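>>> Using only what follows, build the 3D model:
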Amino acid sequence: MKKFRELVVLLCLTGLLFVLGFYVQSLSPQAIKKDNLYKVFFLDWYTNEGSANLLSMDSDGQNMQFLISASGTTAWSKDGRFLATGCSDMAKVCVFEDENFIDWTVYPPKQIINPDYIEIPLPEECLSVQGATGVSSISWSADGKKMIIVCQNKEVSNACVVGIDGNYHCWGEKKGDDIYSRADWSPNDNLIVIDTGKGSYLMAGEGNGVKVVRTGRVMQIVDLDGKVITSLTDGWSPAWSPDGEQLAFFHWDDERGYPGIASIRKDGSDFRWIYRPPLRGSGGDIEYFKPFFQDVYYCSGSSKISWSPDKDFIIVEAMLISECSYSLFKIDIDTGTLVNLTTNLSRQYQEPSIQP
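Numbers count the residues shown, from 1 in each chain. Model prediction:
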């Protein structure tokens, strides 16, 4: 009888542990990941002061909140600890620590308005070519100690590797048909992908149509001094996948007559479309949001692509042609399904950065 009672107790404890394990699993990061929700930080340029507002929202477009005035662009460090963005003072970059965004002393935790940050002065070489909206690109090194920062005014550009300790070196000015727009630091090593050259762009054509001016814009993998290691295909705004194996980028679709979004491996192989635009003249193209092209509109630089940490989707900015009206779009990597996350067309939502 004693052994029977011990067996019953053991079975009960086993069952209790199973239930507790299931409950803990339901609270684990893996279970949260199934919801496919991440925090997205981005800029809203709908202000009268010449600077933008830094906002955050969930990756389903919900819970949008104002944080602080900012400028330029946004970029999370690879470990999700630091967020960099142009300060409202465009001569500096502001760096926020993750813990400064959330007030954990209350339940439920809430976002902090005007969080603490440190300021990193921009190199003079960057300031001398900076555009009216601030730096055009920021990306963190794999160890979170440096950033590659691109400044450009549509005629001249410069790229600078800047440490959070303030030390830096710049690559030198690029002009004419060889200017930089964006650079993205690999999550695995000290390789950087850049786009260089003036981009193709759209101009109004007859009726609802457009005409295209093709000047050529290519992507290159370079070292920390800007020396070219590999030249890839034509495209712009390249962004490394979280594992550092693929690049997503904007690419002109000759068949469709509009830009779409593609991916390739870092050696230039395995080109595939993530999102293809509608056929020109199909009717669906009237409401098609185009990725922003450098050298056409005064609003900003070329559009930004941000990967989700699980590689399931990307978030990009796009605009109505010939209007400074921007939305943020979520695109499924496997299916190309597109969802408009910010439907207020009176705003200028740009520069999305998903927290790892």
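>>> how close does residue 193 sit to residue 55?
27 Å (CB to CB, to the nearest Å). Heads up, the C-betas are built off the backbone N, CA and C, glycines and all.
>>> so after the lowest-mean-pLDDT helix or strand in the chain, what's the next helix or strand?
Ranked by mean pLDDT, DSSP states H and E, the helix or strand of the chain with the weakest confidence is helix 29-34, at a mean of 34. Following helix 29-34 in sequence order, the next helix or strand is strand 39-44 (DSSP states H and E).
>>> list the helices and strands the helix or strand that that following strand is followed by packs on?
Counting by DSSP H and E, the element after strand 39-44 in chain order, helix or strand, is strand 52-58. In terms of contacts (3 or more CB pairs under 8 Å, 6 or more residues apart in numbering; DSSP states H and E), strand 52-58 is packed against strand 39-44, strand 65-76.
>>> of these, which approaches residue 276 most closely?
Proximity to residue 276 (CB to CB) singles out strand 39-44 among the helices and strands packed on strand 52-58, at 23.9 Å.
>>> contacts for that closest one?
Applying CB atoms under 8 Å, 6 or more residues apart in numbering, the set of residues contacting strand 39-44 from outside is 52-59, 67, 70-74, 76, 83, 85, 306, 315, 317, 328, 341, 347-355.
>>> who does that strand pair up with?
strand 52-58 (antiparallel), strand 349-354 (antiparallel) (DSSP bridges).
>>> right, so those: which one is the most enclosed?
strand 349-354 (a mean of 26; mean count of other CB atoms under 10 Å).
>>> Show me how far it is from its chain's centre.
From the chain centre to the centre of strand 349-354 is a distance of 6 Å (CA atoms, centre = their mean, to the nearest Å).
>>> circling back: now mean pLDDT and mean neighbour count too, for the helices and strands packed on strand 52-58, in TSV please.
Shown next, in TSV, are the helices and strands packed on strand 52-58 (pLDDT from 0 to 100; neighbours: other CB atoms under 10 Å):
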stretch	mean pLDDT	mean neighbour count
strand 39-44	94	25
strand 65-76	92	23
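>>> export those to CSV and tack on distance to residue 281?
What follows is the helices and strands packed on strand 52-58, written out as CSV (distance: least, CB to CB, whole Å):
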stretch, distance to residue 281
strand 39-44, 32
strand 65-76, 34
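>>> between the ones you listed, which one is nearest to residue 148?
It is, among those and with distance given as CB to CB, strand 65-76, at 9.4 Å.
>>> ok, the next helix or strand along the chain from that closest one: who's next to it in the sheet?
Where DSSP H and E defines the elements, the next helix or strand beyond strand 65-76 is strand 82-86. In the sheet, strand 82-86 lines up against strand 65-76 (antiparallel), strand 92-97 (antiparallel) (DSSP bridges).
>>> mean confidence score for the last one?
Per-residue pLDDT over strand 92-97 has a mean of 94.
>>> what's whatever helix or strand comes next after it in contact with?
For strand 92-97, the following helix or strand on the C-terminal side (DSSP H and E) is strand 102-103. For strand 102-103, contacts defined as CB under 8 Å, 6+ apart pick out 109, 110, 111, 112.
>>> which residues does the second one contact?
Just to be clear, that refers to residue 110. Counting by CB under 8 Å, 6+ apart, residue 110 has contacts 102, 103.
>>> From residue 56, how far out is it?
Taking CB to CB, one finds residue 110 at 12 Å from residue 56.
>>> Repeat that for the first one.
Residue 109 sits at a distance of 13 Å from residue 56 (criterion: CB to CB).
>>> Spatially nearest residue to residue 137, not counting backbone neighbours?
residue 150 (3.8 Å; CB to CB, 6 or more residues apart in numbering).
>>> these two touch, right, the one you found and residue 130?
No. Residue 150 lies out of contact with residue 130 (CB atoms under 8 Å); the separation is 9.9 Å.
>>> So which of these two has more stuff around it?
residue 150 (29 against 24; other CB atoms under 10 Å).
>>> which one of the helices and strands packed on strand 52-58 lies closest to residue 160?
strand 65-76 (13.5 Å).
>>> Alpha carbons of stretch 238-248, as CSV, please.
Presented in CSV, the C-alpha positions along stretch 238-248 are these (Å, rounded to 0.1, in the frame of the first residue of the first chain):
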residue,chain,number,x,y,z
PRO,A,238,20.4,47.2,-49.5
ALA,A,239,19.8,45.7,-46.1
TRP,A,240,21.5,42.6,-44.6
SER,A,241,19.2,39.8,-43.3
PRO,A,242,19.7,39.1,-39.5
ASP,A,243,21.9,36.1,-40.2
GLY,A,244,24.1,38.1,-42.7
GLU,A,245,23.5,35.6,-45.5
GLN,A,246,21.1,37.6,-47.7
LEU,A,247,20.4,41.2,-48.8
ALA,A,248,17.1,42.7,-49.5
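>>> which of the residues in it are buried?
Across stretch 238-248, burial judged by 16 or more other CB atoms under 10 Å covers 238, 239, 240, 241, 244, 245, 246, 247, 248.
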